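**Student:** structure for this input, please:
(2 chains)
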Amino acid sequence: MSEQAQTALAVKGLSVAYGNVIAVHDATFTVAEGDACAITGPNGNGKSSILMGVTGMVRRRGAVEIFGAPAKNGDVGWAARHGLTLVPERRQLYPDLTAQDNILLGCYTWTRSIGKARTSAPFGRAVDLFPEIKPHLKQAAGTLSGGQQQMVAIARGLAANPKILAVDEPCLGLAEAVAKRVYDALARIHEEGTTLIVVEEAPRRALTLCNRRVEVRNGMAGAA
Amino acid sequence: MKLGNLIIAGIITGSIYAMFAVCVSVWYRVSNILNLAVGDFAMVGALGVDNLYRVKGLPIPVAIITTLVVVAVFAYAYDLVVLRIAQDQRRMEGIVVTFFFTFALSFFIDGVAKMLFGTDVHAAPGLWNGPSLSLGTLHFERAGLLVIACAVIIGGAFWVYIKFTLGGKALEASGENVVGARIVGIDTRRYRRWIFIGTALIAAIFGIVESPITGFTYLSGATISLTGFIAAAYGGFRKPGRALVAGLFIGVLEALLGGYVSAEYGDTVLYAILAALVLAWPRGLGFESAVSG
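**Tutor:** This next block holds a predicted model:
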């Protein structure tokens, strides 16, 4: 297998700007298949913007390749269709839909059939990962606790059947016990073969799980 | 049996209100834009079919299909040119996008309709003609039954789509959280476009089946939009199911007030009651979420 085929994500010269404010400048890094990579750095330095740029959620400059395929700029579904799914900061759930429907919509990346989605292995795996949310599957997502919402957001990401799961600040605002539970789940996802990218402000927690780190300072990214 | 016949008349009127309210709230849910032109599409449906049939001499099915195609193409073009630039490229937010572009559209359609159809009252030809049907002392106008049938079929199809398909859930997700929807690959702009076209077509169909009962002028659209808007507000603009019930409730209440209180002042009393309900129970009726979004 060539080195190119083993690279899950290649980012070269990535820049993201919001109007005149440059959030990310010329970020270059790679993530190999099977890696657990932490993107760390202080708040407001562009960590989340890197993921938003990589997944096409915001306009970007520079090149992004997922498993060797060059990503289209401006196509928000492209990254998810090619195996990279984002679990965004502040979860971005659909608060009036049930927890089950939130997770089910993760399957939208690969099917339009609700029957296929409900009986699929990715949906089953996503629901099984967090037994504690099973009693709440019929509950509106907006009424769940912060920890339960984070679990639903990760489960939605898994239902997309990703090869790379990018999780942005998974423990933001969570109690320590819940944060540990979330990290245990991420470790299991990684053990089962999914490449993991975790954005964290504090590197200590991220490095309990990740085998490499990209440090972001003032919008510039580099291996640490 | 006066009460029974009033309730039947109220359900017919309420079905019309309900469908316009559903059109307003479904599209608001997807786009965060209030469609103040929904009634104008109904007016175009009614007067367009009338014009093509009565003036141009086309057969009724051809007149209906031609009108619906024109409505669909126009709605597509409006989304592609105006809404895409306003909401997607310029990234405008707030009241300008929420109201302005469909308000302007309403005036534009009215102006064109005045030139094309004149200022007189017209109606599309009745699609199911004949004497009213009777069941004991109850009387059913055929045009009214057609309105109810359209409401049940279109409302039912839409309910099935939302409840039992992934596309329907994606539509709901688009309105709930645009970022969250785009993350799983939902093309929120495409949903906005197709729902805009779909609701414009539904409005046009209701204009066609409703106009033999009420008659239309080029200015009728604003009144229809307003009633749909009020019923949709009772569902916080985001809950089509509530908007549907509110539309039916307003229709029945209007008929009962017209029959038992005063035909002349029925509407005045109706809106006083609606306002009182909102003041007494704002959260329960969805008005709090309408304000806070």
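
**Student:** surely residue A:33 touches residue A:7?
**Tutor:** Yes: when contacts are counted by CB atoms under 8 Å, residue A:33 is listed as touching residue A:7 (7.2 Å). Any C-beta I mention is one placed from the backbone N, CA and C, and that applies to glycine too.

**Student:** which stretches of chain A form strands?
**Tutor:** A:7-18, A:21-32, A:36-40, A:61-66, A:69-70, A:84-87, A:164-168, A:195-200, A:212-217, A:220-223 (DSSP state E).

**Student:** ok, which of the ones you listed comes nearest chain B?
**Tutor:** Nearest to chain B, of all the strands of chain A, is strand A:84-87, at 5.3 Å by CB to the nearest CB.

**Student:** dump that closest one to PDB, keeping only the CA atoms.
**Tutor:** What follows is strand A:84-87, C-alpha atoms only, in PDB (Å, rounded to 0.1, in the frame of the first residue of the first chain):
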ATOM      1  CA  LEU A  84     -15.100  12.400   7.400                       C
ATOM      2  CA  THR A  85     -17.900  13.300   9.900                       C
ATOM      3  CA  LEU A  86     -17.800  16.200  12.300                       C
ATOM      4  CA  VAL A  87     -19.200  16.200  15.800                       C
END
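
**Student:** hmm, back to that, looking at the strands of chain A, which is nearest to residue B:127?
**Tutor:** strand A:84-87 (49.7 Å; CB to CB).

**Student:** packing partners for the closest one?
**Tutor:** helix A:47-54, helix A:78-81, helix A:146-159, strand A:164-168 (3 or more CB pairs under 8 Å, 6 or more residues apart in numbering or on different chains; DSSP states H and E).

**Student:** turn those into a markdown table, columns for mean pLDDT and distance to residue A:202.
**Tutor:** Output for the helices and strands packed on strand A:84-87, formatted as a markdown table (pLDDT from 0 to 100; distance: least, CB to CB, whole Å):
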| stretch | mean pLDDT | distance to residue A:202 |
| --- | --- | --- |
| helix A:47-54 | 93 | 12 |
| helix A:78-81 | 90 | 26 |
| helix A:146-159 | 96 | 17 |
| strand A:164-168 | 96 | 14 |
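
**Student:** out of those, nearest to chain B?
**Tutor:** Among the helices and strands packed on strand A:84-87, helix A:78-81 sits nearest to chain B (CB to the nearest CB), with 4.6 Å.

**Student:** give me the buried positions along the closest one.
**Tutor:** A:78-80 (16 or more other CB atoms under 10 Å in any protein chain shown).

**Student:** just curious, which of those is nearest to residue B:101?
**Tutor:** Looking across the buried residues of helix A:78-81 and measuring by CB to CB, the closest to residue B:101 is residue A:78, at 29.2 Å.

**Student:** up against chain A, what does the stretch 51-200 of chain B have?
**Tutor:** B:164-167, B:169-170, B:172-173, B:176-177, B:179-187 (CB under 8 Å from any CB of the partner chain).

**Student:** let's see 10 Å
**Tutor:** When proximity is defined by CB under 10 Å from any CB of the partner chain, the stretch 51-200 of chain B lies next to chain A at B:91, B:163-170, B:172-189.

**Student:** buried ones from these, can you make that a PyMOL selection?
**Tutor:** Buried residues within these, by 16+ other CB under 10 Å, are selected in PyMOL with:
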select buried, chain B and resi 166+168+169+170+172+173+174+175+176+177+178+180+181+182+183+184+185+186+187+188+189
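
**Student:** out of the residues of the stretch 51-200 of chain B next to chain A, which are inside helices?
**Tutor:** B:163-164, B:166-170, B:172-176, B:178-183, B:188-189 (DSSP state H).

**Student:** and the gap between residue B:206 and residue B:65?
**Tutor:** Going from residue B:206 to residue B:65 by CB to CB, to the nearest Å gives 16 Å.

**Student:** hey, what's the residue nearest to residue A:154 when sequence neighbours are not counted bridged with?
**Tutor:** Of all residues beyond its chain neighbours, the one nearest residue A:154 is residue A:87 (5.4 Å), with distances taken as CB to CB, 6 or more residues apart in numbering or on different chains. Bridge pairing for residue A:87 (DSSP bridges) gives the partners residue A:167.
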